[in-house]
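Asks: prediction below, plus the sequence it came from.
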Amino acid sequence: MHDRPFAEAAARNVEPILEILRHEFRDSTDVLEIGSGTGQHAVYFAASLDHLQWQTSDLEENHPAIRAWIADARLPNVRKPISLDVTTADLSTSCDAVYSANTAHIMSIDEVARMFALAGRVLRPDGLFCLYGPFRRFGEFNTESNARFDASLRARDPSMGIRDLEELDALGATHGLHRQNLYAVPSNNLVVIWKKTTSAQ
């Protein structure tokens with residue numbers, strides 16, 4: 001077995017997320033994961049959703065961890081990570097699903113906007129963008145613990161912070177992405193699904 005870094009945040013809610021993906025990605029064939037982190041989600045979900053080809057991606061420094069998880073899983077439907085920075089990404093590929101977890105709150109809002117732009121570019125018509133993590137709604141936190149988490153993020157880096165779902169909806173709309181579904185999962189997090197209904201601008 002390879003030396004595999006383990007992220008507690010990645011292990012949280014994997015079962016509820018899997019059930020959501022099982023439904024939402026039932027007609028999908030290929031998924032681009034933005035920010036695969038350790039690679040835990042990729043191998044966990046691909047093992048159960050064997051109709052999907054799962055493309056991992058992240059900054060170069062995270063590739064060894066992702067490769068280690070992929071090597072141990074030995075799954076035919078998980079692809080080795082590609083280098084991807086949302087601020088510079090210029091992918092020529094296309095896919096019918098994009099997945100990202102626990103990324104929006106550790107990105108700057110400009111980086112979040114670029115992630116939505118990337119999703120809008122690579123998704124085929126009717127493709128889905130699935131984003132998991134903590135969110136605000138109408139500017140309000142759903143729990144005091146998320147408010148404290150937001151404060152700790154901003155203390156570490158003022159550009160970080162829990163994003164407002166309505167602001168993300170507006171970002172998505174500029175790239176043809178419109179919210180289709182919203183799921184509450186344990187630990188006060190959400191899974192949000194946007195669908196590409198028009199050509200990206």
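Replies: Cool, the structure landed. Numbering: from 1, shown residues only.

Asks: check what pLDDT Asn142 gets.
Replies: On pLDDT, Asn142 comes in at 87.

Asks: now it: closest residue in space, sequence neighbours ignored.
Replies: Spatial nearest neighbour of Asn142, chain neighbours left out: Asn188 (5.6 Å); criterion: CB to CB, 6 or more residues apart in numbering. For glycine as for every other residue, the C-beta is placed from the backbone atoms N, C-alpha and C.

Asks: Glu167 now?
Replies: Ile109 is the one closest to Glu167 (CB to CB, 6+ apart), at 7.9 Å.

Asks: could you do Asn181 as well?
Replies: Per CB to CB, 6+ apart, closest to Asn181 is Ile193, 4.3 Å.

Asks: tell me which helix or strand that neighbour sits in.
Replies: Assigned by DSSP states H and E, Ile193 belongs to strand 189-196.

Asks: same question, Gly172
Replies: Here Gly172 sits within helix 165-173, counting by DSSP H and E.

Asks: ok, and what's touching the helix or strand that comes right after that helix?
Replies: Next in sequence after helix 165-173, counting helices and strands by DSSP H and E, comes strand 177-185. Strand 177-185 is contacted from outside by 13, 16-17, 20, 24, 116, 119-120, 123, 128-129, 132, 165, 169, 172, 190-197, using CB atoms under 8 Å, 6 or more residues apart in numbering.
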